[in-house]
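Novice: Return atomic coordinates for the entry below.
(2 chains)
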Protein chains: 2
Amino acid sequence: MKKALAFDIGGTKIYSTIVDETGKIVSEIDKFSTPKTLDEIKTLLKTQIAKYENNVDIIAIATAGAVNNENSRVLGSTGNLVEGYYTIDFQSLSNKKVFIENDANAAAWAEYKIGASKGSSVSVMLTLGTGVGGGIIINDRLLKGKSGAAGEMHFKMYPDKRRKCTCGSWDCFEAYASGTALKWDAEEMLNNPNVTTYDVMDGVKNNKKEMVEVFERWQNDLTAGIIGLANIFDPDCVVLSGSMAQFVDAKKVEDNVNKEIVTTPTSIRIGVAGNYSGMIGVALLAMERGL
Amino acid sequence: MKKALAFDIGGTKIYSTIVDETGKIVSEIDKFSTPKTLDEIKTLLKTQIAKYENNVDIIAIATAGAVNNENSRVLGSTGNLVEGYYTIDFQSLSNKKVFIENDANAAAWAEYKIGASKGSSVSVMLTLGTGVGGGIIINDRLLKGKSGAAGEMHFKMYPDKRRKCTCGSWDCFEAYASGTALKWDAEEMLNNPNVTTYDVMDGVKNNKKEMVEVFERWQNDLTAGIIGLANIFDPDCVVLSGSMAQFVDAKKVEDNVNKEIVTTPTSIRIGVAGNYSGMIGVALLAMERGL
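Specialist: Numbers count the residues shown, from 1 in each chain, chains lettered A, B, ... in the order given. Reported below is the predicted structural model:
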């Protein structure tokens, strides 16, 4: 059976493990804090690769940032990775073939191959965490755009400069549907700068009215964004993944989306591929498309 | 040379002509007011088809509404066409093959084959008229979605129930970027319910400050919508077509879009395939994909 050495490189953590061609994780998961310099990142990756590359068929790297599959590089610096990250030639780190993909795209692929969107012809995945990521799959292909950068969920929600987004622009969906956005909703609605996302979710669990109202505003903005995506893509399903997804009332969102769209009804699902879906997805992609 | 008898069926007008495989219109353009009953529409189409079908290879129909290419029907009623329109089996109207496509998709295809987006790998087209239509082409294929309904530009701009959209929902891009939207902007900003889209454009031409401000608000909302689409699709270009497109400052919109997007720079272009691009596009699609 084919196997891939998979990595997930984020702004704070780097994970690595071995994944087989069925999407099963078949070794320990190694976890590291993301080093602060380019050289340390390269050294970390090289060390891991040297340790395991003889046991696998391909190296598969899920990373933050837009990815050019052709030459195994990222296209530009992303906000939360070290300067110059885009200069890394990932292929040079191994004697085996190195396949790289954007982390949200990789997670979407995992849901599509072994998770919540399995069998769909068109699916949209949203990762709702500190930020919002996206991956779109149409007829068995990831939507990549002209340069590999497609699927960025930075469309504007209230384009009148209410909220600055991490992307540097204003009013993006991410600033209304991320975990950070839930904190901002709470700050605004409760007039309390110290309230946390955790406070809100704890309040919802204990049925505290003001926290339920904060959460509903957040979920309504999420719903509003999904309505647009459902009208644009007419997808079989929209999969919600990431740390915030567990709190979403998928049935309620689905009902409200289907009430408003002009396309045909879609299904809202919570992702099932788990926290390591980035590594699973990029490994499956690499073994299917990269060998 | 192959030829198609092409129709463009809208809520107010029906056009018909013959288009050759290079996209050239090779006969007179017949124009009709759209009949008010289903039977009259069918009779009109049958009469035109009977008159010309022996001179062509295929019948190509661009129509309002989401389209199922497999069985040559529209999927549901659209707001501005007669009740029961979706029951028409277009194939039954001719002995030749009948190919149908959504009108905005057809116009996007015309721009892609002979117009402003020729040669692009990913393009988004927006028709800015009474409403806003959309057509997206990725790697030589129209984005159709699971049921043929994709490309509907009903994503929310200000999702707090400011403006009712023709789709029955609230706050859609169409309610901020259509010709109708420009009138609404003027009504609101000038506190005058009788001002028209024409008044605004006439004022802009004569450099009247308040009309320029109205138009700039409209163009800024258009820009905000395009930023989202550019981040989602990472397109080579966004083509603006329809009656309002001529007024858009494409260079200014392009500069402002490229300042804000997280993907790679895109190009904003005004469509060149003309008023009959729906017929040209559906004819080219039919001759390429339907025969």
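Novice: Which helix or strand contains the residue most central in space within chain A?
Specialist: The centre of chain A sits closest to A:A104, judged by CA atoms, centre = their mean, with a distance of 3.1 Å. Assigned by DSSP states H and E, A:A104 falls within helix A:103-114.
Novice: what residues does the lowest-mean-pLDDT helix or strand in chain A touch?
Specialist: Across the helices and strands of chain A, the lowest-confidence element by mean pLDDT, DSSP states H and E is strand A:67-68, at a mean of 81. Strand A:67-68 is contacted from outside by A:R73, A:V74, A:L75, A:I100, A:E101, A:N102, A:N105, A:S147, A:G148, using CB atoms under 8 Å, 6 or more residues apart in numbering or on different chains. Bear in mind the C-beta positions are built from the backbone N, C-alpha and C, glycine included.
Novice: Quick one: distance of it to the chain centre.
Specialist: When C-alpha coordinates are averaged (CA atoms, centre = their mean, to the nearest Å), strand A:67-68 and its chain have centres 15 Å apart.
Novice: pretty sure the residue nearest to the centre of chain A is touching A:G151, no?
Specialist: Yes: at 6.6 Å, A:A104 counts as touching A:G151 under the criterion of CB atoms under 8 Å.
Novice: so what sits against both of the two?
Specialist: In the contact map built from CB under 8 Å, 6+ apart, the residues linked to both A:A104 and A:G151 are A:G133, A:G134, A:G135.
Novice: Quick one: residues contacting the spatially closest residue to A:S169 that is not a sequence neighbour.
Specialist: The shortest distance from A:S169 to any residue that is not its chain neighbour, by CB to CB, 6 or more residues apart in numbering or on different chains, is 4.4 Å, and that residue is B:E260. Neighbouring residues of B:E260 by CB under 8 Å, 6+ apart: A:G168, A:S169, B:I227.
Novice: Over to A:K2?
Specialist: Applying CB under 8 Å, 6+ apart to A:K2 gives the contacts A:D20, A:E21, A:D57, A:I58, A:M287, A:L291.
Novice: A:N95 is in contact with the fourth one, correct?
Specialist: Right, A:I58. No: with contacts defined as CB under 8 Å, A:I58 does not count as touching A:N95, sitting 11.3 Å away.
Novice: Comparing those two, which residue is more hemmed in?
Specialist: The neighbour comparison of A:I58 against A:N95 (other CB atoms under 10 Å in any protein chain shown) goes to A:I58, with 21 against 11.
Novice: distance of the more buried one from chain B?
Specialist: Relative to chain B, A:I58 is positioned 25 Å away (CB to the nearest CB, to the nearest Å).
Novice: Then A:A107?
Specialist: 17 Å.
Novice: Max pairwise distance over the contacts of strand A:67-68: which two?
Specialist: Across the contacts of strand A:67-68, the two members that end up farthest from each other (CB to CB) are A:R73 and A:N105, 15.3 Å apart.
Novice: Who has more neighbours out of the two?
Specialist: Taking A:R73 and A:N105 together and counting by other CB under 10 Å, A:N105 has the greater number of neighbours (28 against 20).
Novice: For the more buried one, which non-adjacent residue is spatially closest?
Specialist: Leaving out its chain neighbours, the residue that sits closest to A:N105 by CB to CB, 6+ apart is A:G135, at 4.3 Å.
Novice: quick check, that neighbour in a strand?
Specialist: Yes: with DSSP: H, G, I helix; E, B strand; the rest coil as the criterion, A:G135 is part of a strand.
Novice: bridging residues for it?
Specialist: A:M125 (DSSP bridges).
Novice: okay, now it: neighbour count?
Specialist: For A:G135, the neighbour count with other CB under 10 Å is 30.
Novice: so what's whatever residue of the stretch 1-150 of chain A ends up closest to chain B up against?
Specialist: As assessed by CB to the nearest CB, chain B sits closest to A:G145 within the stretch 1-150 of chain A, at 2.4 Å. Under the criterion of CB under 8 Å, 6+ apart, the neighbours of A:G145 are A:G151, B:V122, B:F233, B:D234, B:P235, B:T263, B:T264.
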